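Q: predicted model and sequence follow; I will ask about them next.
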Amino acid sequence: MDAQFAKVRIQGIVASGPELRYQTSGVPVTSMTVSVKREAKTPSGWTTDFLDVVVIGDDDHEHAENAACFEQGQLVCIEGHLVTQRWDSWQGRQRVQKQRMAVKAVSIEHCECVPHGN
């Protein structure tokens, strides 16, 4: 049986960040928030969600370091998987955070996951 992954593909706008850091092993990690619109029961028919995205450098560190060059307001395409982190706060409450771990992060002009007009 093949392993199942929670794959995600996000097309949105860089809302904050990106912030590049390096792990002690030298692997680059870029964190940012991406805003996406979705249909909802609101007067306008749309609402905006803000998603935390983490881009971890691959063997050549290309994607994490490229994602660090994104600018706020830039349209981007993120491909990766969903990760849920659970922990207990210092108050003893259970906390949950969902992050999108990117395998690929590109500016929309170079995005293979979004069809371009003819």
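A: Looks like it came in fine.
Q: show me what the most centrally placed residue in the chain is bridged to.
A: The structure's the chain has its C-alpha centroid closest to Val53; by Cα atoms, centre = their mean the separation is 2.7 Å. Beta-bridge partners for Val53, by DSSP bridges, are Met32, Arg100.
Q: any idea how far it is from Gln91?
A: For Val53, the distance to Gln91 equals 28 Å [Cβ to Cβ, to the nearest Å]. C-beta here means a position set from N, CA and C on the backbone, and glycine is covered the same way.
Q: report pLDDT for the residue nearest to the centre of the chain.
A: Looking at Val53, its pLDDT reads 88.
Q: same question for Cys69.
A: What the model reports as pLDDT for Cys69 is 87.
Q: for it, which three-state class applies?
A: When classified by DSSP: H, G, I helix; E, B strand; the rest coil, Cys69 comes out as coil.
Q: which element is the spatially closest residue to it that is not a sequence neighbour on?
A: Leaving aside its sequence neighbours, Cys69 sits nearest to Pro18 (Cβ to Cβ, 6 or more residues apart in numbering; 7.9 Å). Here Pro18 sits within strand 7-22, counting by DSSP states H and E.
Q: sheet partners, orientation included, of that strand?
A: Short version: by DSSP bridges, strand 7-22 pairs with strand 28-39 (antiparallel), strand 75-88 (antiparallel).
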